[in-house]
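> structure here, sequence nowhere to be found:
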């Protein structure tokens, strides 16, 4: 099911109100974060009959003034409601406080994106991730990952893994339906998928293709799980398109990977993937396409994530429309054999074979 866009049915008053929400969005985001991080929402949630500003301030050792301005912002954010001077949490407030998806997204926004997004206009003009300069002189976030501050790194990996963690258990039966013996995990990062494959099937051998820094992390995780004999690494700059992938794979696997590249780079990566599989091999692509989402919230989140790619990750990639990927697959000499939608939180699996 796709979300339809292009209808403008709001009244002028609704539209103006929504425009003000956008105008003050960065400020109100910080208010929501403060209500969560300072323990105010947690305290209100635990007081089902409601709690006063004064009691909140006293219990959390905060000023009445500070609690008051945050809660008043919380009213406009519809995170709290007030009756007889007693504050209670709303459904929206509960999701801000208790929903893992919302927490992961907020931490990712705050720790990875917030400061850098001040330069989004420059990223659009220059075609470079100018916001990444907040963390150092890096070309892409992938080169920077091993060197990011711990809090930033934690939020980045939490965001990255949250979506894949829900998807991997669902896709493993599709990966092993033809009993592959050799899998290339392209952009395998910390080795999470490769380790799950090794646990799922006792015979398969997997090679992770990634940068040296990511492979160092993957090797530690592989050793901790005792899979050194069945999972190895192939150090490669995946953007160096002169370097071929190892040959004769049964499966080339790419999860939440191709969205990290421009369309030109994706075409090169698909060509190299096509050349890496044997005649009966398949290329598996797991991605979140914004047009394939069941809910508006998912599409909204993916559009926002595209701007992370623009400003922080690399300056040239995005969360793609499915038609973009289908066009590139065709150019690379691949055709889609099977499509599996609604995997995990919001993923689509494309199983592709040579034409």
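All right, it came through fine. As the structure is a prediction and not an experimental result, all values here were calculated from the model.

> how close does the closest residue to residue 237 other than its chain neighbours get to residue 179?
Spatial nearest neighbour of residue 237, excluding adjacent residues (CB to CB, 6 or more residues apart in numbering): residue 211 at 6.6 Å. Yep, even glycine has a C-beta here, placed from its N, CA and C like the rest. Residue 211 sits 31 Å away from residue 179, taking CB to CB, to the nearest Å as the criterion.

> comparing these two, which residue is more hemmed in?
Between residue 211 and residue 179, counting by other CB atoms under 10 Å, residue 211 is the more crowded of the two (19 against 9).

> so the more buried one makes contact with residue 141?
No: using CB atoms under 8 Å, residue 211 makes no contact with residue 141, being 11.6 Å away.

> any idea how this protein splits into domains?
Structurally, the chain divides into domains by automatic domain parsing as follows: 12-98, 102-354.

> just these: most buried one?
Ranked by mean neighbour count under mean count of other CB atoms under 10 Å, these are led by domain 102-354, which reaches a mean of 18.

> run the chain-centre distance for the longest helix seen in the chain.
Determined from DSSP state H, the single longest helix within the chain is helix 150-175. Distance, stretch centre to chain centre, for helix 150-175: 8 Å (CA atoms, centre = their mean, to the nearest Å).

> and the next helix or strand past it?
Downstream of helix 150-175, the first helix or strand assigned by DSSP states H and E is strand 182-186.

> which other helices and strands does that next one contact?
Strand 182-186 is packed against helix 192-200, strand 205-210, strand 249-255, helix 263-276, with contacts defined by 3 or more CB pairs under 8 Å, 6 or more residues apart in numbering; DSSP states H and E.

> pLDDT of that strand, averaged?
For strand 182-186, mean pLDDT is 97.

> now the most far-flung residue of the chain relative to its centre: closest residue in space that isn't a chain neighbour?
Centroid-distance maximum for the chain: residue 84 at 41.6 Å, with CA atoms, centre = their mean. Distances taken as CB to CB, 6+ apart put residue 50 closest to residue 84, at 7.6 Å, once the chain neighbours are dropped.

> pull the residues that contact the helix or strand hosting residue 213.
Element membership of residue 213, judged by DSSP H and E, is helix 212-224. The set of residues external to helix 212-224 that reach it, using CB atoms under 8 Å, 6 or more residues apart in numbering, is 142-143, 145-146, 188-192, 194-195, 208, 210, 228, 231, 233, 235.

> can you check stretch 12-22 too?
Stretch 12-22 has contacts (CB under 8 Å, 6+ apart) with 10, 28.

> next: stretch 232-243.
By CB under 8 Å, 6+ apart, the surrounding residues in contact with stretch 232-243 are 184, 186-187, 205-212, 215, 218-219, 245-246, 261, 265, 268-269, 272.

> let me see the mean pLDDT of that stretch.
Averaged across stretch 232-243, the pLDDT comes to 94.

> isn't residue 108 right next to residue 154, touching?
No: contact criterion CB under 8 Å: residue 108 and residue 154 do not qualify, at 10.2 Å.

> mind listing the shared neighbours of these two?
The overlap between the contact sets of residue 108 and residue 154 (CB under 8 Å, 6+ apart) is empty.

> which residues does stretch 290-300 contact?
Under CB under 8 Å, 6+ apart, the answer for stretch 290-300 is 1-3, 288, 302-303, 306, 319-323, 341-342, 345-346, 348.

> list the contacts for the nearest residue to residue 161 once chain neighbours are set aside?
Residue nearest to residue 161 in three dimensions, not counting chain neighbours: residue 192, with 6.7 Å by CB to CB, 6+ apart. Counting by CB under 8 Å, 6+ apart, residue 192 touches 161, 164-165, 168, 221.

> all strands of the stretch 1-150 of the chain, in order?
Under the criterion DSSP state E, counting those that start in this stretch, the stretch 1-150 of the chain contains strands at 80-83, 86-89.

> so which of these is nearest residue 58?
Ranking the strands of the stretch 1-150 of the chain by proximity to residue 58 (CB to CB) places strand 86-89 first, at 13.9 Å.

> just checking, what packs against that closest one?
Strand 86-89 is packed against helix 40-46, strand 80-83, with contacts defined by 3+ CB pairs under 8 Å, 6+ apart.

> just put the ones you listed in TSV and tack on mean pLDDT and distance to residue 333.
Shown next, in TSV, are those (pLDDT from 0 to 100; distance: least, CB to CB, whole Å):
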stretch	mean pLDDT	distance to residue 333
helix 40-46	98	53
strand 80-83	97	56
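
> so which of those is nearest residue 199?
Closest to residue 199 of the helices and strands packed on strand 86-89, according to CB to CB: helix 40-46, at 36.0 Å.

> what packs against the closest one?
Helices and strands touching helix 40-46, as assessed by 3+ CB pairs under 8 Å, 6+ apart, comprise helix 25-37, helix 53-60, helix 64-76, strand 86-89, helix 91-98.

> how big is the angle separating the last one from helix 64-76?
Spelled out, that is helix 91-98. Going by axes from the mean of the first three to the mean of the last three CA atoms, to 10 degrees, helix 91-98 is angled at 120 degrees with respect to helix 64-76.

> pLDDT on helix 91-98, on average?
98.

> distance from it to the middle of the chain?
Averaging C-alpha positions (CA atoms, centre = their mean) puts helix 91-98 20 Å from its chain's average.

> that helix to helix 25-37, inter-axis angle?
Per the same axes, to 10 degrees, the angle that helix 91-98 makes with helix 25-37 is 70 degrees.

> for helix 91-98, packing partners?
Helix 91-98 sits against helix 25-37, helix 40-46, helix 100-107, with contacts defined as 3+ CB pairs under 8 Å, 6+ apart.

> no further questions, thank you.
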